[in-house]
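**Student:** structure of the sequence below:
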Amino acid sequence: PQGTMAFAGKYEFEGDENYDAFVQKIGLPSDKVEMGRNCKIVTEVVQNGNDFTWTQHFPGGRTTTNTFTVGKEADMETMGGKKFKATVTMEDGKLVADFPNYRHTAEICGGKLVEISTSSGVVYKRTSKKIA
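**Tutor:** Predicted structure coming up:
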């Protein structure tokens with residue numbers, strides 16, 4: 001029903017803003033904080049209409065995959081590996097999900113994947129460039 005943006009592709013981490021302030025705010029354990037800093041995460045998105053498979057490949061072989069349908073509750077996993085339920089919605093071409101202690105949006109902007117997480121006024125922005 002909604003105009004779906006073309007999210008499908010592979011994106012490699014290019015840069016971020018406010019990482020330290022954000023991970024402190026959400027209480028990420030320090031070992032995970034170090035692991036995630038300037039981490040060349042590759043995000044792979046498979047999109048079939050409103051159905052998404054969103055996989056993050058971390059250096060060293062660890063992956064996190066969230067599979068969801070826009071507008072339907074799904075089982076998700078946070079940056080820190082916590083499991084929870086969320087309903088991803090589409091607002092103005094952005095995918096929006098409310099995680100347990102932050103709100104996450106993703107959009108394609110100028111061919112890049114721009115993800116913004118907000119927790120109690122702290123805004124963390126991650127930009128990834130398309131590689132495939």
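**Student:** now the helix-or-strand element of the chain with minimal mean pLDDT: buried residues?
**Tutor:** Every helix and strand of the chain was ranked by mean pLDDT, DSSP states H and E. The lowest is helix 30-36, at a mean of 83. Of all the residues in helix 30-36, those buried under the rule 16 or more other C-beta atoms under 10 Å are 33, 36. To be clear about C-beta, it is placed using only N, CA and C from the backbone, and glycine gets the same treatment.
**Student:** so how far is whichever helix or strand comes after it from its chain's centroid?
**Tutor:** Remark: after helix 30-36, the chain's next helix or strand is strand 42-48, criterion DSSP states H and E. Computed by C-alpha atoms, centre = their mean, to the nearest Å, the separation of strand 42-48 from the middle of its chain amounts to 11 Å.
**Student:** who does Gly15 bridge with?
**Tutor:** With DSSP bridges as the criterion, Gly15 is bridged to Thr127.
**Student:** tell me the contacts of the residue nearest to the spatial centre of the chain?
**Tutor:** Most central in the chain under C-alpha atoms, centre = their mean is Glu115, positioned 5.8 Å from the mean C-alpha point. Glu115 is in contact with 104-106, 125-128, counting by C-beta atoms under 8 Å, 6 or more residues apart in numbering.
**Student:** hmm, 10 Å instead?
**Tutor:** 11, 16, 43, 94-95, 104-107, 124-128 (C-beta atoms under 10 Å, 6 or more residues apart in numbering).
**Student:** what of Phe7?
**Tutor:** Shown in contact with Phe7 (C-beta under 10 Å, 6+ apart): 43, 45-47, 52, 54, 93, 95, 106-108, 113.
**Student:** now swap in Thr65 and tell me
**Tutor:** 44, 46, 53-57, 76-77.
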